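**Student:** Okay, sequence plus prediction incoming.
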Amino acid sequence: MLQLASYSVVFQEVPDEVTLAINLSGCPNRCKGCHSPHLQENTGLRLDSSVLAALLEKYGSAVTCVCFMGGDAAPGEVEQLAKFLRQKTCGRIKAAWYSGKSKLPAGCSIENFSYIKLGGYIEQLGGLDSAATNQRFYRIDNRQMTDMTKCFRKKR
(Lines give C-alpha, C1' and ligand atoms only; values in the text may rest on other atoms or scores of the structure.)
Protein backbone atom coordinates (compact mmCIF):
# COMPACT_ATOMS: atom_id res chain seq x y z
CA MET A 1 0.00 0.00 0.00
CA LEU A 2 1.34 3.41 -0.98
CA GLN A 3 1.14 6.14 1.64
CA LEU A 4 1.36 9.84 0.84
CA ALA A 5 3.56 11.54 3.44
CA SER A 6 3.63 14.99 1.80
CA TYR A 7 3.66 16.76 -1.54
CA SER A 8 4.86 20.03 -3.05
CA VAL A 9 5.36 21.73 -6.38
CA VAL A 10 9.07 21.62 -7.26
CA PHE A 11 11.31 22.72 -10.11
CA GLN A 12 14.54 20.70 -9.80
CA GLU A 13 13.58 17.02 -9.59
CA VAL A 14 12.64 16.73 -13.27
CA PRO A 15 14.49 18.98 -15.75
CA ASP A 16 12.30 21.41 -17.69
CA GLU A 17 9.13 20.37 -15.83
CA VAL A 18 6.97 21.98 -13.15
CA THR A 19 6.54 18.95 -10.97
CA LEU A 20 4.12 17.88 -8.28
CA ALA A 21 6.46 15.78 -6.12
CA ILE A 22 4.57 13.19 -4.08
CA ASN A 23 6.66 11.88 -1.17
CA LEU A 24 5.78 8.28 -0.38
CA SER A 25 6.49 6.76 3.02
CA GLY A 26 7.50 3.19 3.84
CA CYS A 27 10.83 3.24 2.00
CA PRO A 28 12.50 -0.16 2.43
CA ASN A 29 15.94 0.89 1.15
CA ARG A 30 17.44 2.42 4.33
CA CYS A 31 20.24 4.26 2.50
CA LYS A 32 22.98 5.51 4.82
CA GLY A 33 22.91 9.32 4.89
CA CYS A 34 19.36 9.44 3.50
CA HIS A 35 18.14 13.04 3.18
CA SER A 36 14.56 12.02 4.09
CA PRO A 37 14.80 9.33 6.80
CA HIS A 38 11.28 10.18 7.98
CA LEU A 39 10.03 8.54 4.76
CA GLN A 40 11.23 5.17 6.05
CA GLU A 41 8.27 5.12 8.45
CA ASN A 42 4.82 3.95 7.39
CA THR A 43 2.89 7.19 7.82
CA GLY A 44 0.46 9.30 5.88
CA LEU A 45 -2.68 9.00 3.83
CA ARG A 46 -3.29 5.99 1.60
CA LEU A 47 -2.47 7.08 -1.96
CA ASP A 48 -4.87 5.73 -4.54
CA SER A 49 -6.39 6.98 -7.78
CA SER A 50 -9.06 9.05 -6.00
CA VAL A 51 -6.45 10.90 -3.91
CA LEU A 52 -4.31 11.43 -7.02
CA ALA A 53 -7.38 12.69 -8.90
CA ALA A 54 -8.01 15.23 -6.11
CA LEU A 55 -4.40 16.43 -6.33
CA LEU A 56 -4.76 16.74 -10.11
CA GLU A 57 -7.93 18.77 -9.61
CA LYS A 58 -6.03 21.10 -7.29
CA TYR A 59 -2.70 21.37 -9.20
CA GLY A 60 -3.32 19.95 -12.67
CA SER A 61 -3.28 23.26 -14.52
CA ALA A 62 -0.11 24.39 -12.73
CA VAL A 63 2.10 21.31 -13.27
CA THR A 64 3.48 19.43 -16.24
CA CYS A 65 4.66 16.36 -14.34
CA VAL A 66 3.86 14.25 -11.27
CA CYS A 67 6.86 12.58 -9.64
CA PHE A 68 6.39 9.66 -7.27
CA MET A 69 9.25 10.01 -4.80
CA GLY A 70 9.73 6.47 -3.49
CA GLY A 71 7.24 3.66 -3.58
CA ASP A 72 9.82 0.88 -3.77
CA ALA A 73 7.75 -1.21 -1.34
CA ALA A 74 4.89 -1.30 -3.88
CA PRO A 75 6.27 -0.69 -7.40
CA GLY A 76 3.21 -2.19 -9.07
CA GLU A 77 1.03 0.42 -7.39
CA VAL A 78 3.35 3.22 -8.55
CA GLU A 79 3.06 1.87 -12.09
CA GLN A 80 -0.75 1.72 -11.83
CA LEU A 81 -0.92 5.33 -10.62
CA ALA A 82 1.34 6.39 -13.50
CA LYS A 83 -1.04 4.63 -15.90
CA PHE A 84 -4.03 6.33 -14.24
CA LEU A 85 -2.27 9.71 -14.57
CA ARG A 86 -1.59 9.17 -18.28
CA GLN A 87 -5.18 8.13 -18.96
CA LYS A 88 -6.79 10.83 -16.77
CA THR A 89 -4.78 13.65 -18.38
CA CYS A 90 -4.57 12.14 -21.90
CA GLY A 91 -0.79 12.26 -21.50
CA ARG A 92 -0.70 16.02 -20.87
CA ILE A 93 0.89 15.54 -17.45
CA LYS A 94 3.97 13.34 -17.46
CA ALA A 95 4.77 10.71 -14.84
CA ALA A 96 8.15 10.37 -13.15
CA TRP A 97 9.37 7.91 -10.56
CA TYR A 98 12.32 8.31 -8.19
CA SER A 99 13.20 4.76 -7.17
CA GLY A 100 16.02 3.85 -4.82
CA LYS A 101 16.48 0.47 -6.49
CA SER A 102 19.40 -0.10 -8.85
CA LYS A 103 17.16 -1.52 -11.58
CA LEU A 104 13.48 -1.72 -12.42
CA PRO A 105 11.62 -4.46 -10.57
CA ALA A 106 10.81 -7.59 -12.58
CA GLY A 107 7.55 -7.14 -14.44
CA CYS A 108 7.59 -3.35 -14.14
CA SER A 109 6.95 -1.57 -17.43
CA ILE A 110 8.31 1.84 -18.40
CA GLU A 111 5.49 2.58 -20.85
CA ASN A 112 3.50 4.79 -18.46
CA PHE A 113 6.50 6.86 -17.35
CA SER A 114 8.26 9.78 -18.99
CA TYR A 115 11.14 9.77 -16.47
CA ILE A 116 12.66 7.29 -14.03
CA LYS A 117 15.50 7.78 -11.54
CA LEU A 118 17.22 4.58 -10.43
CA GLY A 119 19.82 3.98 -7.75
CA GLY A 120 20.01 4.14 -4.01
CA TYR A 121 21.80 6.98 -2.31
CA ILE A 122 25.44 6.16 -1.51
CA GLU A 123 26.71 8.91 0.75
CA GLN A 124 30.30 8.98 -0.52
CA LEU A 125 29.14 9.10 -4.17
CA GLY A 126 26.54 11.83 -3.71
CA GLY A 127 23.23 12.47 -5.42
CA LEU A 128 22.30 13.25 -9.01
CA ASP A 129 24.28 16.50 -8.98
CA SER A 130 27.55 14.66 -8.27
CA ALA A 131 29.81 13.47 -11.11
CA ALA A 132 30.59 10.38 -8.99
CA THR A 133 26.97 9.37 -8.36
CA ASN A 134 25.74 5.84 -8.89
CA GLN A 135 22.20 7.16 -9.46
CA ARG A 136 20.85 7.55 -12.98
CA PHE A 137 18.02 9.70 -14.28
CA TYR A 138 16.39 8.55 -17.51
CA ARG A 139 14.01 10.19 -19.96
CA ILE A 140 11.74 7.67 -21.66
CA ASP A 141 10.67 8.08 -25.28
CA ASN A 142 9.25 5.29 -27.43
CA ARG A 143 10.10 2.72 -24.73
CA GLN A 144 13.76 3.76 -24.83
CA MET A 145 15.57 4.97 -21.71
CA THR A 146 18.02 7.83 -22.34
CA ASP A 147 20.41 8.73 -19.53
CA MET A 148 19.91 12.41 -18.64
CA THR A 149 21.86 12.40 -15.36
CA LYS A 150 24.27 15.09 -16.55
CA CYS A 151 21.37 17.58 -16.61
CA PHE A 152 21.61 17.76 -12.81
CA ARG A 153 25.22 18.91 -12.69
CA LYS A 154 25.74 22.61 -12.22
CA LYS A 155 27.48 24.33 -15.07
CA ARG A 156 30.64 26.17 -13.99
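**Tutor:** In hand now; what should we look at?
**Student:** Look up phi and psi at the most centrally placed residue in the chain.
**Tutor:** With distances taken as CA atoms, centre = their mean, Trp97 lies nearest the centre of the chain, 2.5 Å away. Main-chain torsions, Trp97, degrees, to the nearest 10: phi -140, psi 120.
**Student:** Just the pLDDT for it.
**Tutor:** According to the prediction, Trp97 has pLDDT 96.
**Student:** Cys27 now?
**Tutor:** Listed pLDDT for Cys27 reads 81.
**Student:** go on, Lys155?
**Tutor:** pLDDT, Lys155: 65.
**Student:** residues in contact with the residue nearest to the centre of the chain?
**Tutor:** Trp97 sits next to Cys67, Phe68, Gly71, Val78, Ala82, Phe113, Tyr115, Ile116, Lys117 when contact means CB atoms under 8 Å, 6 or more residues apart in numbering. (Glycine included, C-beta is placed from N, CA and C.)
**Student:** how about a cut-off of 7 Å?
**Tutor:** Counting by CB atoms under 7 Å, 6 or more residues apart in numbering, Trp97 touches Phe68, Gly71, Val78, Ala82, Phe113, Ile116.
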